[in-house]
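Colleague: curious how this folds, go ahead:
(2 chains)
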2 protein chains.
Amino acid sequence: MATIIPLEQPRKHRPNAALEVLTSLVAEDVFAVNQLIVQRMESRVDVIPRLAGHIIASGGKRLRPLLTLACAALCGYRGQRHRKLAASVEFIHTATLLHDDVVDDSALRRGNPSANALFGNEASVLVGDFLFSRAFELMVEDGSIDVLRVLSHASAVISEGEVLQLMTTGDSATSEQAYLEVVRAKTAELFAAACRIGAIVTSRPASEEEALRTFGLNLGIAFQIIDDVLDYSAEQERLGKTVGDDFREGKVTLPVILAIHRGTEAERAFWKRALNEGDRRDNDFAHAQDLVNRHHALRDATLRARHYGAIARDALGMFPDSPIKQALLDIVDFTIEREF
Amino acid sequence: MATIIPLEQPRKHRPNAALEVLTSLVAEDVFAVNQLIVQRMESRVDVIPRLAGHIIASGGKRLRPLLTLACAALCGYRGQRHRKLAASVEFIHTATLLHDDVVDDSALRRGNPSANALFGNEASVLVGDFLFSRAFELMVEDGSIDVLRVLSHASAVISEGEVLQLMTTGDSATSEQAYLEVVRAKTAELFAAACRIGAIVTSRPASEEEALRTFGLNLGIAFQIIDDVLDYSAEQERLGKTVGDDFREGKVTLPVILAIHRGTEAERAFWKRALNEGDRRDNDFAHAQDLVNRHHALRDATLRARHYGAIARDALGMFPDSPIKQALLDIVDFTIEREF
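Modeller: Numbers count the residues shown, from 1 in each chain, chains lettered A, B, ... in the order given. Model prediction:
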């Protein structure tokens, strides 16, 4: 994916510079959260920390807890409550990853063997449950019913989103609207919750909490669209990253939806065979990549992501300028321009 | 399993009379909880209520929510908060059942097709997550951090227990102590939590909450031991109930542990082949039943259950006599003497 950047912003030529800047602004908190995560996945049942550690260490960006920390900082928070809550957000995310991999029967995650491939589906289901419960224990220790409300609701919506996705998998007639509803539920709600917590712990007015919800929700939608774009990206492939997972799992993502809508009858027959009938052959993924490129589906899906990114950026308008605000704005661009 | 009852207690000749009496004493609450359960498993994703409804309607005794209602009544509770919390307890239980069936790859539950057999493992994992989140949403609506603490901790312990069970499955060297630790974690903690909630909503002194915890924990241990006994019972088989599930899944339960400890070398070799090596042949289950009977393992496992039942009964000593107290005492006997 080409990175389109105005010349006056040369720093963005290295898009994950934004991630490093944001991390460095809340470095002490990030360090403490990482410690909490390791501490709180402990159990007398030793396979639990081994399995949980495998997925938590497997190179995720830990973007969601970072958003909790950064949004609290944006609201001027000075305490430590947000650390437990950030760990809680990461545990919920990790639990859903573990269950996702079982549901998708994935052998790999980010190019490494998935937890279910190494430890079995059974243990992945149960350790997911454990992390989920731990997340609630952490919230209970914090003691805020408002946070509990936001995260228990987000969790219910996430699982609804995952079920919805399961129902649309292999259905090449999935509409862009249905896709968006899945993305919102399975990804964006947790981003929104992670950001809102920043305002809740600081007891900021409802308008700021709502602004951070808008920021997180739209950032999350943009994030997921780009994830789905990267899975078809030739550039990713050239960089040695895994591509084609969604295609192999029959997932109907935005690049595919656009290619189908813009395709010929013969092309639609191809998608139907590969996705609905699950009849995927050698070179089918290369053909799929060719089709999404021919119809500018990656470019236009990225444009759609920019739309949500713009909403996210504007949502921060009510906060006074500060290095943390600038870093959060840059994170929006990073989310869209990232190559991983 | 023969029911051994002193002649002066003729009502217990029909052991589930106790269940009916307890239910009738809190009938209005039971009705309201059943309505709440149906209401709160609703989702715009229609497979969620269909799948959840399948398992919830599949003939469980709903003993756990009944315990919450009854223990609240025992504490003199007069409000309605316990209804939501009882529904929450049942949702947590249902979520673990759904995940258990996936982990065990069960095709049947109580003789009917399991949810995972009908709807797939994927949907069962995700709907379990949904019900689990819904449980927390219900607790948040109630707003008691104490209840949230008790149930989030119980949930974490349950999943630890399930992982522990997974690790001991197929290990014929499992000790009685290891078995007890699994039973306590995977079953008894939720019974204990269900009962404690009765004292929490009524703001009763810590000693009463602790008494109800003791009652629930030991009742739960007795309940699980009897469940494991029934799975080898010839009487169950005669009544047309499913038996042999644990054996087929390689689970090392108390009847098996006693039979192994008391068995000959040749018998231990049989258990090792069937459980450790997973090499189970036609008539192996009949042979297993023969061995547990020969060593009086069902009788003695039932005696072990009576021990926990006695602790549970004594825990209620501090509560004044009342019809609800008598019904709870009778539920202990029902748990041990039941034939289903």
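
Colleague: quick one: is the helix or strand that contains A:R149 near chain B?
Modeller: Here A:R149 is covered by helix A:145-168, with elements defined by DSSP states H and E. Yes: applying C-beta under 8 Å from any C-beta of the partner chain, one finds helix A:145-168 touching chain B at A:145, A:148-149, A:152-153, A:155-156, A:158-160, A:162-164, A:166-167. Every C-beta, even on glycine, is put in place using the N, C-alpha and C of the backbone.

Colleague: report the two of these separated the most.
Modeller: Maximum pairwise distance in the residues of helix A:145-168 next to chain B, criterion C-beta to C-beta, is 32.9 Å, between A:I145 and A:M167.

Colleague: mind checking which helix or strand of chain A has the lowest mean pLDDT?
Modeller: Across the helices and strands of chain A, mean pLDDT, DSSP states H and E gives its lowest value to strand A:108-109, namely a mean of 77.

Colleague: before we move on, back to that, helices or strands up against the helix holding A:R149?
Modeller: Judged by 3 or more C-beta pairs under 8 Å, 6 or more residues apart in numbering or on different chains; DSSP states H and E, the packing partners of helix A:145-168 are helix A:81-104, helix A:121-142, helix A:176-183, helix A:189-201, helix B:47-56, helix B:121-142.

Colleague: and B:V243, which of those is closest to it?
Modeller: That would be helix B:47-56 among these, by C-beta to C-beta, at 20.8 Å.

Colleague: specify the angle between the helix or strand that that closest one is followed by and helix B:81-104 in degrees.
Modeller: As assigned by DSSP H and E, the chain's next helix or strand after helix B:47-56 is helix B:63-74. Here helix B:63-74 runs at an angle of 160 degrees relative to helix B:81-104 (axes from the mean of the first three to the mean of the last three C-alpha atoms, to 10 degrees).

Colleague: for helix B:63-74, name the packing helices and strands.
Modeller: When contacts are defined as 3+ C-beta pairs under 8 Å, 6+ apart, helix B:63-74 packs onto helix B:17-25, helix B:27-40, helix B:81-104, helix B:189-201, helix B:206-230, helix B:323-337.

Colleague: kindly recompute the last result at 7 Å.
Modeller: When contacts are defined as 3 or more C-beta pairs under 7 Å, 6 or more residues apart in numbering or on different chains; DSSP states H and E, helix B:63-74 sits against helix B:17-25, helix B:27-40, helix B:81-104, helix B:189-201, helix B:323-337.

Colleague: only the C-alpha atoms, please, for that helix, written as PDB.
Modeller: The C-alpha trace of helix B:63-74 is given here as PDB (Å, rounded to 0.1, in the frame of the first residue of the first chain):
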ATOM      1  CA  LEU B  63     -30.300 -25.500  40.900                       C
ATOM      2  CA  ARG B  64     -27.700 -22.600  41.100                       C
ATOM      3  CA  PRO B  65     -30.200 -19.700  40.600                       C
ATOM      4  CA  LEU B  66     -32.600 -21.500  42.900                       C
ATOM      5  CA  LEU B  67     -29.900 -21.500  45.600                       C
ATOM      6  CA  THR B  68     -29.500 -17.800  45.200                       C
ATOM      7  CA  LEU B  69     -33.200 -17.200  45.600                       C
ATOM      8  CA  ALA B  70     -33.500 -19.600  48.500                       C
ATOM      9  CA  CYS B  71     -30.500 -18.300  50.400                       C
ATOM     10  CA  ALA B  72     -31.800 -14.700  50.000                       C
ATOM     11  CA  ALA B  73     -35.100 -15.900  51.400                       C
ATOM     12  CA  LEU B  74     -33.300 -17.700  54.300                       C
END
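
Colleague: for chain A, which residues are neighbours of chain B?
Modeller: Contact residues, chain A versus chain B (C-beta under 7 Å from any C-beta of the partner chain): A:43, A:45, A:47-48, A:99, A:102-103, A:122-123, A:125-127, A:129-130, A:132-134, A:136-137, A:140, A:143, A:145, A:148-149, A:152-153, A:155-156, A:159-160, A:162-164, A:166-167.

Colleague: now list the buried members of those residues.
Modeller: A:43, A:45, A:47-48, A:99, A:102-103, A:122-123, A:125-127, A:129-130, A:132-134, A:136-137, A:140, A:145, A:148-149, A:152-153, A:155-156, A:159-160, A:162-164, A:166-167 (16 or more other C-beta atoms under 10 Å in any protein chain shown).
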